[in-house]
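Participant: this one's sequence-less:
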DNA sequence: GCTATTCTCTCGCTCAGCGAGATACTTGCC
DNA sequence: GGCAAGTATCTCGCTGAGCGAGAGAATAGC
């Protein structure tokens, strides 16, 4: 092909990064399928668990925006999650137009089943890294996240 | 929450890694939509471009296996890609049961449009890193890819 | 009170992907 | 050679995720 230059450690990093995301996607997809849910459901669960952890109130609107679903798709998604007993809808008494999403215990367990071992393995791997090296990795990942987020904004 | 321990630089790395994959997924999805194709189509394109680059002959069967699609889904995917002029099907004269997938110039251009700027930005970012630091990042990403791939095999 | 707006849900639709099975070609065994 | 078994791809009918349009319910601003 030869249009995209393709040599040197920088390009190795790019390729590895892509390989990592592909592998993680596939892992997530397989886990989702084993547990009778769809990749979107798993992503939704991640968002909801993150929101719960950070104390942000979760609502259908917010979730739909994060996942780039329209309202109809979001409703269908929540119907699935509620049917599986992972989430419960509650009316917000402060603003009764809103629905608050309460993550159920089972969802936490599920998230743990998926991420727990992964985190464990990763932490184990990082034990072989010196603190400065961990800091480098951290700086790099932060940079990539920022860079990609910026590209998304530029459209 | 509190079940998943959640402090220290290792956990920052885990969270960043997840954030990166989520952002990259979303970026890919948005790019796909802008160009009238689906996330799966983009992933297929990546596989096909990789195969072309490495000289591996691409066939529907191989592609379907990589993307975890069954044969019907793979056929539909290729119909889309062919209709868009990104791929052409050719009979293999060595084994006339097979179909060889030829990536069209337009697909290369498309891949470049997506990855080119991203690679450029990443390479730019890596200019601020010392060679040893790039090596650390490389080692880390390689380790993660291997780790995830292994987890996928254990099922 | 009345209109704007905001948040969620319902309805009808399109189309990606699945399971089952058809089709075409190759390989191996007699 | 000819027939059975195996392999690669495609066709058909279906399920269901997600979209667009718009309805319903509650709030905010005048």
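Facilitator: Nice, thanks for sending it over. Please read all numbers here as calculations on a predicted model, not as lab measurements.

Participant: what about chain A, any weak spots by pLDDT?
Facilitator: A:1-7, A:155 (pLDDT under 70).

Participant: again, 50 this time
Facilitator: Within chain A, the ranges that satisfy pLDDT under 50 run A:1-4.

Participant: For it, which segments count as strands?
Facilitator: For chain A, applying DSSP state E gives strands covering A:87-91, A:99-103.

Participant: Now for the nearest residue to residue A:88 once chain neighbours are set aside: which residues touch it?
Facilitator: Sequence neighbours aside, residue A:102 is the residue nearest to residue A:88 in space, at 4.6 Å (criterion: Cβ to Cβ, 6 or more residues apart in numbering or on different chains). Quick note: C-beta positions are derived from backbone N, CA and C, even for glycine. Contacts of residue A:102 were listed using Cβ atoms under 8 Å, 6 or more residues apart in numbering or on different chains, and they are A:87-90.

Participant: quick one, which of the strands of chain A is packed in tightest?
Facilitator: Of all the strands of chain A, strand A:99-103 has the most neighbours on average by mean count of other Cβ atoms under 10 Å in any protein chain shown, namely a mean of 18.

Participant: So is that one next to DNA strand C?
Facilitator: Yes - using Cβ under 7 Å from any atom of the strand, strand A:99-103 reaches DNA strand C at residue A:99.

Participant: do the same with stretch A:37-45
Facilitator: No - contact of stretch A:37-45 with DNA strand C is not found when judged by Cβ under 7 Å from any atom of the strand; the minimum separation is 9.8 Å.

Participant: I would like the residues contacting that stretch, please.
Facilitator: For stretch A:37-45, using Cβ under 8 Å, 6+ apart, the contacting residues are A:25, A:28-29, A:31-32, A:63, A:67, A:69, A:77, A:80-81, A:84, A:86, A:107, A:110-111, A:114, B:22.

Participant: Is DNA strand D within reach of that stretch?
Facilitator: Yes - judged by Cβ under 7 Å from any atom of the strand, stretch A:37-45 comes into contact with DNA strand D through A:38, A:40.

Participant: quick check, distance from that stretch to the centre of its chain.
Facilitator: With Cα atoms, centre = their mean, to the nearest Å as the basis, stretch A:37-45 stands 9 Å off its chain's centre.

Participant: Would you mark the buried spots in it?
Facilitator: Residues A:37, A:39-45 are the ones in stretch A:37-45 that count as buried (16 or more other Cβ atoms under 10 Å in any protein chain shown).

Participant: In TSV, list these along with distance to residue A:140.
Facilitator: Converted to TSV, the buried residues of stretch A:37-45 look like this (distance: Cβ to Cβ, whole Å):
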residue	distance to residue A:140
A:37	32
A:39	26
A:40	29
A:41	30
A:42	26
A:43	24
A:44	28
A:45	27
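
Participant: Neighbours of residue A:114, how many?
Facilitator: Neighbourhood size, residue A:114 [other Cβ atoms under 10 Å in any protein chain shown]: 19.

Participant: Tell me which stretches of chain A form helices.
Facilitator: A:9-34, A:39-54, A:60-67, A:71-83, A:105-126, A:131-154 (DSSP state H).
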